[in-house]
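In: Need a 3D model of the following:
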Amino acid sequence: MSHTYSLLVSLFIPVCCFAVVLGQTTSPVTNCTVKSNTSCDECLKIVSCLWCISSQKCIDYPVKNILPPHSVCPLSDARWGMCWVNFQALIISISVIAVVIIIAILVCCFRCCKCENIG
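Out: Numbering: from 1, shown residues only. Prediction:
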């Protein structure tokens, strides 16, 4: 039984690795500027691209910065990942959610400390 199991495992691993290698595809174009003056959907098919609505340009996401600088594209006009996601609204939403979560955690901690002091 042990010999059969080790034989199956020794055959299974190379077959899986071969299937993964065959399943990988090369990306057709990684230069985002080629997609300029097309559409937001076409630009964002490449994950590393940023679409700027005001200039109708597709540019490489400035990875050195967390957020794209205003000189590249204003936050309200920048799209990355999905065309309907506005960076400015996303930042405000995430900030509000983070503050609510932090306040909830602090309230829970203070209530637990108060209950321990009473008991």
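In: middle-most residue in this structure, spatially?
Out: For the chain, G81 is the residue whose C-alpha lies nearest the centre (Cα atoms, centre = their mean; 7.2 Å).
In: Next one, pLDDT for it please.
Out: G81 is assigned a predicted lDDT (pLDDT) of 84.
In: which intervals of the protein have sub-threshold pLDDT?
Out: Low-confidence segments of the chain (pLDDT under 70): 1-30, 115-119.
In: at 90 what do you get?
Out: 1-38, 46-48, 54, 61-73, 75-76, 79-82, 85-91, 108-119 (pLDDT under 90).
In: domain parsing for it?
Out: As recorded under automatic domain parsing, the domains making up the chain are 2-85, 89-119.
In: Do you have the helices of the chain handy? List them.
Out: Taking DSSP state H to define them, one finds helices in the chain at 2-23, 40-43, 87-118.
In: now for the longest one, which elements pack on it?
Out: Contact partners of helix 87-118 among helices and strands, from 3 or more Cβ pairs under 8 Å, 6 or more residues apart in numbering; DSSP states H and E: none. From N, CA and C alone the C-beta is placed, and that goes for glycine too.
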